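A.B. asks: Quick one, structure for this:
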Amino acid sequence: MRNAKPSVKENRMNAILDAATELLVEKPTASLNEIAGHAGIGIATLHRYIENRDQLMLKLGLRAVDVVKETMRAVPRDESALERYIPDLIEALIPLGDKIYFLAHDTSLNYSKELAEAEEVLKEPVRQTIKELQQQGYFRSDMATEWILNVLYWLLFVTWQQVQDGHVARKAAAPLVVDTLFNGVKASNAPLNK
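C.D. replies: Below is the predicted model:
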């Protein structure tokens, strides 16, 4: 069983991982020396926590999953108002954009079975909610649940990147994702070409 309060070593490791994520999103090729400098520590200190770049990347991915998981736990899933879960979840996840973006864009993480399994656990409650919303008529039932889940997932990545690039205001990001997911991009009065 895990202690409720993280140890000093855990806090230090998380601070290093958060600094590394921040730097790697901006500069994916950053060296371990650059990462240590960005974290405000020396390379020897970094090596006390991380042996090599591969281990760093795995720890970064697992840290991202942990942060997203904790955020998701805080989003209420009220069965009587299930249609609010996805918008509330999006609102909670937008500030974690660097973590979410990192999970999707670091190719070295794609080969980690441990990380893939952890990410699947994260997706399951969202997948289940989408299925239920399809049954209730909020989402189209003629589309695969997995398609809708992946559209949501990639909308989050793209939106965060647009925020980082200055194309979307941070406050406008969550409503934009929700509106795009629920309504698409077609103008309401535009004719539908089939």
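
A.B. asks: Please count neighbours and contacts with C-alpha atoms only from this point.
C.D. replies: Noted.

A.B. asks: Low-confidence ranges, the chain, go.
C.D. replies: Residue ranges of the chain with pLDDT under 70: 1-4, 100-111, 186, 188-194.

A.B. asks: most residues in a single helix of it, which one?
C.D. replies: Ordering each helix of the chain by length in residues (DSSP state H) puts helix 113-135 first.

A.B. asks: Following element in sequence after that helix, please.
C.D. replies: Next along the chain after helix 113-135, taking DSSP states H and E as the criterion, comes helix 145-164.

A.B. asks: I'd like the distance from that following helix to the chain centre, please.
C.D. replies: Taking Cα atoms, centre = their mean, to the nearest Å, the mean C-alpha location of helix 145-164 is offset from the chain mean by 9 Å.

A.B. asks: if we can go back for a sec, for the longest helix of the chain, list every residue counted as buried.
C.D. replies: By neighbour count on 16 or more other Cα atoms under 10 Å, the buried set for helix 113-135 is 115-116, 118-119, 122, 126-127, 129-134.

A.B. asks: just stretch 16-29 next, same as before
C.D. replies: Neighbour-count burial for stretch 16-29 flags 16-25 (criterion: 16+ other Cα under 10 Å).

A.B. asks: In CSV: those, plus secondary structure and distance to Ile94.
C.D. replies: Output for these, formatted as CSV (DSSP: H, G, I helix; E, B strand; the rest coil; distance: Cα to Cα, whole Å):
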residue, secondary structure, distance to Ile94
Ile16, helix, 22
Leu17, helix, 19
Asp18, helix, 16
Ala19, helix, 18
Ala20, helix, 19
Thr21, helix, 16
Glu22, helix, 15
Leu23, helix, 18
Leu24, helix, 18
Val25, helix, 15
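
A.B. asks: domain assignment for the protein?
C.D. replies: The chain breaks down by automatic domain parsing into domains covering 1-50, 60-183.

A.B. asks: Ranking the ones you listed by mean neighbour count, which comes first?
C.D. replies: Greatest average neighbour count among the domains of the chain goes to domain 60-183 (a mean of 16), per mean count of other Cα atoms under 10 Å.

A.B. asks: just the buried residues of stretch 16-29 now: which is nearest Leu32?
C.D. replies: Ala20 (9.0 Å; Cα to Cα).

A.B. asks: Which residue, neighbours along the chain excluded, lies closest to that closest one?
C.D. replies: Ile35 (5.5 Å; Cα to Cα, 6 or more residues apart in numbering).

A.B. asks: Nice, that's everything, thank you.
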